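1. my questions concern the predicted model and sequence given below.
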Amino acid sequence: MKNNTIITIVLLVIVGAVAFFAGIKYQQGQRPASFGQFGDGQGQRPGNNRNGGLRPVVGQILNSDDKSITIKLQDGSSVIAILSSNTSINKADQASLADLKNGERVAVYGQTNADGSVTAQNIQLNPMLRGENSTPPASPTTNQ
């Protein structure tokens with residue numbers, strides 16, 4: 001009788017261990033329902049926030065041409081944003097390359113290149129970013 005109890009306990013431990021490891025292997029083969037469902041393998045939809053998850057380069061346009069714009073950053077440095085036929089330019093409505101004028105405030109979303117320039121995917125004119133004051137700065141006045 002004592003041998004039957006020991007054999008039963010050993011068999012239960014073995015069955016429990018096999019079931020535990022089988023469950024682990026099964027779970028490893030499963031993917032979360034939302035993982036990669038949008039086709040980019042990251043589980044995040046590109047362009048979902050209009051910026052594709054990229055950090056913006058924000059500042060004033062110093063110079064612009066058909067292929068790039070140079071943006072002056074708040075720290076005084078500048079970044080070149082490279083434009084392509086796929087670059088979208090927006091204000092409150094769709095905008096165009098002609099709307100990129102020197103002195104305009106912009107937010108450029110794109111991939112940063114090795115040389116520090118940015119390949120623009122989206123440019124927003126007069127962007128309102130998180131934490132910014134909603135009123136534009138007053139134009140300077142001179143006292144005479």
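-> Nice, I can see it.

2. can you spell out which helices and strands pack onto the helix or strand of the chain with the lowest mean pLDDT?
-> Comparing helices and strands within the chain by mean pLDDT, DSSP states H and E singles out strand 88-90 as the least confident, with a mean of 83. Of the remaining helices and strands, those touching strand 88-90 by 3 or more CB pairs under 8 Å, 6 or more residues apart in numbering; DSSP states H and E are strand 118-125. From N, CA and C alone the C-beta is placed, and that goes for glycine too.

3. in its sheet, what does the strand it packs on sit against?
-> With DSSP bridges as the test, strand 118-125 is paired with strand 78-82 (parallel), strand 88-90 (parallel), strand 105-112 (antiparallel).

4. then it to CSV, C-alphas only?
-> Taking only C-alpha atoms (Å, rounded to 0.1, in the frame of the first residue of the first chain), the coordinates of strand 118-125 have been written out as CSV:
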residue,chain,number,x,y,z
VAL,A,118,16.6,64.7,-41.6
THR,A,119,14.8,63.1,-44.5
ALA,A,120,11.4,64.7,-44.1
GLN,A,121,8.3,62.6,-44.2
ASN,A,122,5.9,65.2,-42.9
ILE,A,123,6.2,69.0,-42.3
GLN,A,124,3.7,70.9,-40.3
LEU,A,125,3.5,74.7,-40.5
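
5. could you pull out the helices for the protein?
-> Assigned helices in the chain, in chain order: 2-28 (criterion: DSSP state H).

6. burial of Val15, as a residue count?
-> Each residue near Val15 was counted by other CB atoms under 10 Å, and the total is 10.

7. try Ile69
-> Residue crowding around Ile69 was assessed by other CB under 10 Å; the count is 27.

8. verify the contact between it and Val106 for me.
-> Yes. Ile69 is within contact range of Val106, at 7.3 Å (criterion: CB atoms under 8 Å).

9. so what sits against both of the two?
-> Here Ile69 and Val106 have 61, 100, 123 as joint contacts, going by CB atoms under 8 Å, 6 or more residues apart in numbering.

10. all set, thanks.
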